[in-house]
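Enquirer: sequence-free structure coming up:
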Ligand SMILES: Cc1cc2nc3c(=O)[nH]c(=O)nc-3n(C[C@H](O)[C@H](O)[C@H](O)COP(=O)(O)OP(=O)(O)OC[C@H]3O[C@@H](n4cnc5c(N)ncnc54)[C@H](O)[C@@H]3O)c2cc1C
Ligand code: FES
Ligand code: FES
């Protein structure tokens, strides 16, 4: 790791100020950034630690509205009893990110800001039509995730939380890479008041995406057999040493059926 | 440089270190606690697991500066003098180790897991919870056995409501 200056922010405003120094980066759980710094893939001049800002942590469920602070750890999402009632698919998703030690540190804000094409949360945010809240504005998930490791965040912008309306039904199924637990294909299916939304992670060449084909089939009947015979095109799928585009195209349909079955379970 | 101040195994520790110092190196090189190991250095193997403010974390993926102000427990902090912690005793009893390299991390992971499942553990849960720990010797069987035995012993000692081990 190259040398770096560490700062601990006391508030979001303080963090925004600290971010202005040199080539500073936010540090939340560090479960992506620290490994990247160790391999010198990232070399910020300054780190602004936001993980101890109390206002950024915690899950609130009020009626059907769910709000999750950016610095809430995967562990705290996974074990939140109110959220388990309002949207069990999301607590399930959080409980399958990485391993227990990664979940104790890693945060939802860091995960969505990083927008790894194989990360779990982006699929949930897109399928739940979530709003990403920053220190400057609110952005719909569909406008937030813009490509591989790319988001709509501007320089110095800080994600402070996410919010969404609890869906009537939702399910998440992923086929994890056996070594890293990141998704080789992961599908989040949700049935809300505005219809069915199906988001896919791990598989798309441009990162997380919605499958209009599967959404149309499920809009008729929100049951796994509604997806029988669906063939997704391999041309937009990622191919790597773990799985070919054709394999992923098939796997996405299998995960989608499992996600819908879980939603109805 | 960062002035890092921590409570490690009940002792106050202060040092001025480079900001990039990882917690694991701080513990091993500045505090002299070499029981915490570095296996992979890529956040995968769990040999470096310690408890920070009561939660198991990988100390190779955290800066010492991030932990400043926190309470840290390492493998050296578990035994009560010459008396092994129940998890350590169970690893010994069940041959839960061979070369021993992964063992500190396994035991710190196990104690954290047992804390989070006070109602008791079953084999499938233990195996899923060991996702972040790699052992290249044992094949995991005896590690799982040891954790189940420790969980039973500890909940018996506690409230006596352990689930039957698989
Ligand atoms: C062994 C291992 C296994 C993993 N497995 C999975 C998995 O199965 N699924 C999965 O989805 N992820 C997985 N991860 C990644 C993990 O979920 C990370 O926690 C997450 O990707 C990043 O969150 P963080 O809080 O650790 O962010 P950090 O590492 O602290 O930051 C990541 C990036 O986001 C920026 N950032 C952080 N917070 C904010 C904010 N509030 N606003 C704007 N920018 C911000 C940082 O500057 C940095 O560029 C794994 C990681 C490890 C080490
Ligand atoms: S040395 Fe930390 S996880 Fe392997
Ligand atoms: S006992 Fe040798 S690595 Fe586990």
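Expert: Happy to help now that I have it. Quick caveat: nothing in here was measured; it's all calculated off a predicted structure. Ligands and ions are numbered 1, 2, ... in the order given.

Enquirer: ok, and the closest non-adjacent residue to the residue nearest to the spatial centre of chain B?
Expert: By Cα atoms, centre = their mean, chain B has its centre lying nearest to residue B:108, at 1.4 Å. Closest residue to residue B:108 apart from its sequence neighbours, by Cβ to Cβ, 6 or more residues apart in numbering or on different chains: residue B:49 at 4.3 Å. Where you see a C-beta, it was placed from the backbone N, CA and C, and this is true even at glycine.

Enquirer: residue A:61 belongs to a strand, doesn't it?
Expert: Yes. Under DSSP: H, G, I helix; E, B strand; the rest coil, residue A:61 sits within a strand.

Enquirer: how near is the residue nearest to residue B:108 to residue A:227?
Expert: 41 Å (Cβ to Cβ, to the nearest Å).

Enquirer: now do the strands in chain B.
Expert: In chain B, the strands defined using DSSP state E lie at B:2-8, B:11-17, B:49-52, B:55-58, B:71-73.

Enquirer: can you redo those strands as a markdown table with distance to ligand 3, mean pLDDT and mean neighbour count?
Expert: Below are the strands of chain B laid out as a markdown table (distance: least, Cβ to the nearest ligand atom, whole Å; pLDDT from 0 to 100; neighbours: other Cβ atoms under 10 Å in any protein chain shown):
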| stretch | distance to ligand 3 | mean pLDDT | mean neighbour count |
| --- | --- | --- | --- |
| strand B:2-8 | 24 | 96 | 18 |
| strand B:11-17 | 28 | 97 | 13 |
| strand B:49-52 | 13 | 98 | 26 |
| strand B:55-58 | 16 | 98 | 27 |
| strand B:71-73 | 21 | 98 | 20 |
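
Enquirer: which one of these lies closest to residue A:108?
Expert: strand B:55-58 (17.0 Å; Cβ to Cβ).

Enquirer: so who does the closest residue to residue A:70 other than its chain neighbours touch?
Expert: Excluding the flanking residues, the one nearest residue A:70 by Cβ to Cβ, 6+ apart is residue A:109, at 2.7 Å. For residue A:109, the contacting residues are A:28, A:50, A:56, A:69, A:70, A:71, A:72, A:159, A:160, A:161, by Cβ atoms under 8 Å, 6 or more residues apart in numbering or on different chains.

Enquirer: pretty sure the residue nearest to the centre of chain B sits against residue B:48.
Expert: No. Using Cβ atoms under 8 Å, residue B:108 is not in contact with residue B:48; the gap is 9.1 Å.

Enquirer: quick one, domains of chain B?
Expert: B:2-77, B:86-165 (automatic domain parsing).

Enquirer: give me the pLDDT for residue B:158.
Expert: You'll see residue B:158 listed with a pLDDT of 65.

Enquirer: likewise the one 5 residues further on?
Expert: Here, the pLDDT recorded for residue B:163 equals 44.

Enquirer: please apply the same query to residue A:139.
Expert: For residue A:139, pLDDT reads 98.

Enquirer: noted, bye for now.
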